[in-house]
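**Student:** Got a predicted structure plus its sequence, pasted below:
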Amino acid sequence: MSNIGLKSDTRTSSTRIHHPRLLRFSQLAWLTLFTLNVVVLLANYVVVTSNLLDLCGTPPCITAQVSPENLAHFQQAGVPYIVVAFYRPLLDLLAQIIYIGLAVLIYRRSSNDWMSLLVSAALFLVGPRLSGVNISLNQFIPSTRFVGFTMISLMYIVALTALYLFPTGKFVPRWSWMVLLIHIVSSIIGTFILIVQAQTPTLGLSLLNGGLILIGVGFQVYRYRYFASLTQRQQSKLVIAAVACLVFGQLLRETAVRVAPNLDGSIFVLVTMGGYISAYLLALGLPVSIASAVLRYRLWDADLVINRSLVYGIVTLGMALIFTITLFVVDVALGAILGAQDGTWSLIGATAVVVASYNPVRRWVSHRLDIHIYGFRVDLDAMKRNVRHDETVMLPRTEQVNGTRSGGTAGELRLENLLGRGGMGEVYLGRHIQTGQPFAVKMLPRELAGMSEALERFERESQILVSLKHPNIIKTYGAGQTHETPYYVMEYIDGRTLGERLKTGGLMPFETVLELIHGIASALDSAHAAGVVHRDVKPSNILLRLNDGVSQPILTDFGIAKLTDDASPSITRSTMMGTLEYVAPEQIITAREVDHRADIYSLGVVAYQMMTGATPFTGGPGKLVFAHLNKPAPDPRQFNPSISDEAAVAVLRAMNKLPDHRFASAGAFALALAPDH
């Protein structure tokens with residue numbers, strides 16, 4: 001029921017398998033290919049590990065991956081032979097765990113979609129094929145070369161097909177299937193020469209395959225520019241970036257392999273190990289980009305929720321492995337620079353460098369994950385610290401609290417107790433010195449009075465409020481300065497906020513909900529017509545004034561409002577603004593570019609809370625942000641069966657993830673709650 005009227009391009013899939021027999025066959029084919037891939041991978045690891053252990057029991061530990069000449073360079077630099085033997089297999093293992101793990105997650109969540117099956121198969125086939133371990137079976141047991149040839153050929157067939165069809169399952173342009181066919185044939189020929197004939201492919205064939213990869217990426221660029229929807233554009237961007245990283249990493253590794261033999265000692269070690277480590281890090285861009293598409297854009301209708309702690313745990317383990325290798329690399333470099341005969345001081349220095357850089361790198365990686373996988377536009381830790389910074393919290397009427405300016409004056413008003421306070425303002429009860437008439441006076445806090453951005457935002461808020469004239473928007477009479485601190489004067493409303501009413505009064509009668517929503521919607525439509533987007537519609541910013549026994553809603557606090565013709569980045573900001581329980585998805589992505597439909601989303605959340613007693617999404621900042629971006633709101637009738645079908649559909653439509661699928665105006669939403677009212 002909760003999906004009525006909520007169809008969008010992020011919730012449907014044109015590549016869904018509907019025929020039961022075809023679905024079972026596709027899933028069986030995926031499982032068969034996955035099992036074969038894992039068996040071959042394990043066989044490679046058994047062979048390479050047993051040979052490494054046999055050969056590395058004592059030096060010189062010459063392996064298929066390290067020639068005697070290269071080993072001499074490592075020994076000259078003082079790198080332990082066990083590190084030389086195992087650093088590449090360990091990097092291989094880390095990459096393969098990430099590739100295969102993500103492929104399994106996509107299969108579990110979206111095994112009824114052939115595009116999902118194709119891309120997840122490409123992931124678990126590409127990951128192992130990037131490694132040197134994958135060809136160990138062929139090197140040590142020549143009779144198994146056909147197995148290696150088969151697996152790499154399958155990898156090219158599946159991965160290239162996924163590249164040319166991503167993300168819609170259609171060839172764009174239509175004739176690109178011919179290029180795909182040439183690409184697959186040339187790749188298989190190159191694999192045959194390399195694996196079966198144990199020869200290096202000709203330069204011409206290598207250049208052809210490289211050029212065809214670039215053409216495949218070019219088709220993605222073409223799709224992106226001329227044919228893609230908003231969601232498909234985001235997915236294509238991710239694929240283009242991932243493939244570019246993958247190709248660049250492989251080129252970097254091959255360059256390092258060819259340049260390193262001409263170098264000596266520690267420089268050889270730095271180039272060789274640095275090239276491989278960089279290649280593996282860049283290769284991880286592919287699964288990370290796919291994860292970003294799945295998590296943020298709900299690719300192929302896969303509602304994939306990966307526990308953030310689990311992701312960070314895997315990343316931390318990977319970083320620990322990389323930093324261990326880096327420790328040896330830095331040790332070698334410092335030894336060469338310092339010219340120390342005893343490696344103790346270089347090892348101490350290397351350890352200090354690694355320890356000092358670990359936490360900054362970990363925080364940077366966490367921040368990148370928050371942005372590119374979970375769609376957070378600010379650091380989540382910073383979000384936790386600053387989520388309430390801009391909010392002005394109104395104090396209970398029964399609470400008499402004096403502020404730093406209580407007893408002072410603002411123009412002809414004497415300041416009494418605090419009515420509310422927050423990071424960007426303090427609201428005092430002010431009384432006219434002669435008449436005693438009460439007013440509300442908002443003042444910039446002392447610590448912000450000297451900050452140009454804070455002053456600009458405060459003055460802008462007062463100008464917005466003075467310009468807005470509507471019975472459901474708080475009246476503002478003017479502005480001024482006292483002791484170099486700006487302030488503006490508003491009408492005083494002796495009433496509680498809607499937030500206080502929801503906390504203490506229980507569920508509201510539907511008639512009351514309608515009256516309040518109509519009033520707030522009218523205020524928002526008036527503000528929108530004047531080119532003002534509130535960006536922080538929530539119960540605590542709605543005051544309730546008794547008017548002939550009826551609660552009249554008054555919209556307040558335009559502190560983070562946006563003018564539609566305001567291009568000042570210092571004021572509007574591009575990072576997330578608003579209150580997390582009520583914020584629209586587009587405000588999380590880029591607050592500067594939102595329009596009036598963000599307020600309609602927030603008003604939908606307020607209406608949902610008024611009708612059910614709770615907001616649709618709860619939890620910590622990370623959970624709230626992820627839910628607003630990806631999860632549909634639960635049907636409000638689950639919590640309040642008395643809600644009419646029309647009201648439920650209207651409030652869910654107001655909270656649609658896509659602005660184009662919401663109501664055109666707040667007033668239209670209010671009318672849709674009870675069309676016959």
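**Tutor:** Arrived safely.

**Student:** Look at residue 478 and give its secondary structure.
**Tutor:** strand (DSSP: H, G, I helix; E, B strand; the rest coil).

**Student:** cool, and the one 10 residues further on?
**Tutor:** Following three-state DSSP, residue 488 is assigned to strand.

**Student:** For it, the count of nearby residues, please.
**Tutor:** Using other CB atoms under 10 Å, residue 488 has 23 other residues around it. Quick note: C-beta positions are derived from backbone N, CA and C, even for glycine.

**Student:** One more: the one 4 residues further on?
**Tutor:** Around residue 492 sit 18 other residues, with neighbours defined as other CB under 10 Å.

**Student:** Run through the residues that contact it.
**Tutor:** Counting by CB atoms under 8 Å, 6 or more residues apart in numbering, residue 492 makes contact with 429-430, 438-440.

**Student:** Let's see that with 7 Å instead.
**Tutor:** For residue 492, the contacting residues are 429, 438-440, by CB atoms under 7 Å, 6 or more residues apart in numbering.

**Student:** swap in residue 595?
**Tutor:** Contacts of residue 595 (CB under 7 Å, 6+ apart): 533, 564.

**Student:** rerun that using 8 Å as the cut-off
**Tutor:** Neighbouring residues of residue 595 by CB under 8 Å, 6+ apart: 533, 564, 659.

**Student:** Quick one: mark the members of the residues you listed that sit in strands.
**Tutor:** Using DSSP state E, residue 533 are the members of these that sit in strands.

**Student:** Looking at the contacts of residue 595, which is nearest residue 190?
**Tutor:** Residue 190 lies nearest to residue 659 out of the contacts of residue 595, by CB to CB, at 47.9 Å.

**Student:** Next, work out how far apart the closest one and residue 584 are.
**Tutor:** Noted for residue 659: a distance of 8 Å to residue 584, by CB to CB, to the nearest Å.

**Student:** neighbour count winner among these two?
**Tutor:** A side-by-side neighbour count of residue 659 and residue 584, using other CB under 10 Å, places residue 584 first with 27 against 16.

**Student:** what bits of the stretch 401-550 of the chain have low per-residue confidence?
**Tutor:** For the stretch 401-550 of the chain, applying pLDDT under 70 flags the ranges 423, 449-450, 548-549.

**Student:** Show me where it has its helices.
**Tutor:** For the stretch 401-550 of the chain, applying DSSP state H, counting those that start in this stretch gives helices covering 452-467, 498-505, 510-529.

**Student:** Out of the ones you listed, which one sits most buried?
**Tutor:** helix 510-529 (a mean of 21; mean count of other CB atoms under 10 Å).

**Student:** residues near residue 364, how many?
**Tutor:** Neighbour count of residue 364, defined by other CB under 10 Å: 11.

**Student:** Give me the distance between it and residue 202.
**Tutor:** Taken as CB to CB, the span from residue 364 to residue 202 is 43 Å.

**Student:** next one: residue 147
**Tutor:** Taking CB to CB, one finds residue 147 at 24 Å from residue 202.

**Student:** Repeat that for residue 453.
**Tutor:** Separation of residue 453 from residue 202 (CB to CB): 62 Å.

**Student:** do the same with residue 281
**Tutor:** Residue 281 sits 30 Å away from residue 202, taking CB to CB as the criterion.
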